[in-house]
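Participant: When you get a sec, could you give me coordinates for this:
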Amino acid sequence: MFNPIIDPCMDVARFMETATYRRTPEFITPNRIVHEDRALILRRFDVGRTGTPLLIVPPQAGHHSSIADYAPEQSLVQTCLKETTLPVYVLEWKPSTPTRQHETIDDLVLQLRLCMHEVGEPAILVGLCQGGWLSAIYAALYPKDVRALMLAAAPIDFTAGGGKLQDVVQTVPLDFYQWLVTMGFGTMMGDLMLMGWKIMNPYERFVSDFINLWVNVRDERYLERSKQFQTWYEYTQSLSGRWYLQAVDRLFKKNMLVKGTLRVLKRTVDLGVITCPVAMLAGEKDDITLVPQLFNMSCCIGTVPGDIFQTVVKDAGHISVFMGRTALKDHWPPALRFTLDKAGLAGALTYGTQSRRKTDPGPRTGAR
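Facilitator: Numbers count the residues shown, from 1 in each chain. Just a heads-up that it's a prediction; the model follows:
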């Protein structure tokens, strides 16, 4: 029976508890640490598997790397474990501190190379968002280390098509970003990055999210899902100020990666060196990485068109490309099948081994 005094008070209490819910994100799939240093943790999620390793590289964009293993039905890790018999690793980035403020893109590549040595190259690199452009740079510098490349919501041609993020980056002078880094004592503070992401969609983040929460305040499943997302979204990590500024200037502003003018580790990064199979997954409604910002990569690499897979996840926003139920159910399995088949690893596919049906590349736009 509805109590006109107690029930509204309970509604407010549930609303406030959920809206302010904060925890440290965690990986949900059992794993073990195979390497740890001050910059990263390398986790292995399989037991006793052999063969070409699959290394997932999550983004360093102010949030925790557990987005690759977010929830039971929203875990890229579990999708890879289910669809293949390959060893599965995830690179977990640690928050930066002022003592690491001078780390550059060079250091990011070296950190990834250390992980590649640990897992055993050649490996399949799976780069998500920022982890995608880092993986592409690595593949261009060390092509023999990469058996295949899978990129999701990853900007490569940074200025293609414009978009909200490009509007901001091209309008705001570099001095402003340098000032933000100074405020963080040499780091780009995660809290500032989170506020920036929220401001890109202010009505949704500051109004409609709370309206929806109030409307569903008596739906326990909705509240649990909200708490789960709050745990990941509101937990922030700082970045090294130096590589952050390099990325803003050289990649987002000057688009040096596709222009062939980016230098890393005293070498020019030439995407044309990449000839391995490449899979690209983009979100139809991704306003952070627009579809052409990823798909235009096909014009820059040396991979033959028949070894390039491209798929657009309908109605998917940015992170939904690599943690959304639709993407993981309908798009990642075909992408994995295509990639492993083209890389000569069809025997490591659970789908292919059991049914022996022809590999179906799934929804595809075709290489352009």
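Participant: Every contact and neighbour count from this point should use C-alpha atoms.
Facilitator: Fine.
Participant: pLDDT at the residue lying closest to Phe185 once chain neighbours are set aside, what is it?
Facilitator: Distances taken as Cα to Cα, 6 or more residues apart in numbering put Pro98 closest to Phe185, at 6.0 Å, once the chain neighbours are dropped. Per-residue pLDDT puts Pro98 at 94.
Participant: I'd guessed Pro98 sits against Met188; true?
Facilitator: No: between Pro98 and Met188 there is no contact under Cα atoms under 8 Å: 9.7 Å.
Participant: if I've got this straight, Arg22 is in a helix?
Facilitator: No: under DSSP: H, G, I helix; E, B strand; the rest coil, Arg22 sits outside any helix and is assigned coil.
Participant: contacting residues for it?
Facilitator: Residues counted as contacts of Arg22 (Cα atoms under 8 Å, 6 or more residues apart in numbering) are Lys227, Gln230, Thr231, Glu234, Tyr235.
Participant: Next, it: phi, psi?
Facilitator: phi -140, psi 130 (degrees, to the nearest 10).
Participant: cool, Thr52 as well?
Facilitator: phi -60, psi 120.
Participant: Chain neighbours aside, what residue packs nearest to it?
Facilitator: Using Cα to Cα, 6+ apart and skipping residues adjacent in sequence, the residue nearest Thr52 is Ala123, 5.6 Å away.
Participant: Quick check: bridge partners of the one you found?
Facilitator: With DSSP bridges applied, Ala123 shows beta-bridge pairing to Val146.
Participant: Tally up the residues packed near it, please.
Facilitator: 21 (other Cα atoms under 10 Å).
Participant: Also Asp11?
Facilitator: If we define neighbours as other Cα under 10 Å, then Asp11 has 16 of them.
Participant: do Ser66 as well
Facilitator: Using other Cα under 10 Å, Ser66 has 21 other residues around it.
Participant: follow-up on the earlier one: looking at Pro98 and Met188, which one has more neighbours?
Facilitator: Met188 (31 against 15).
Participant: I'd like the distance between that one and Leu194.
Facilitator: From Met188 across to Leu194, the span is 11 Å (Cα to Cα, to the nearest Å).
Participant: Surely Leu81 is in a strand?
Facilitator: No: counting by three-state DSSP, Leu81 is not found in a strand; it is helix.
Participant: Might you report the residue contacts of it?
Facilitator: Asp46, Pro87, Val88.
Participant: swap in Gln230?
Facilitator: Ala19, Tyr21, Arg22.
Participant: Can I get these in JSON lines including distance to Leu165?
Facilitator: Putting these into JSON lines (distance: Cα to Cα, whole Å) gives the following:
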{"residue": "Ala19", "distance to Leu165": "26"}
{"residue": "Tyr21", "distance to Leu165": "28"}
{"residue": "Arg22", "distance to Leu165": "27"}
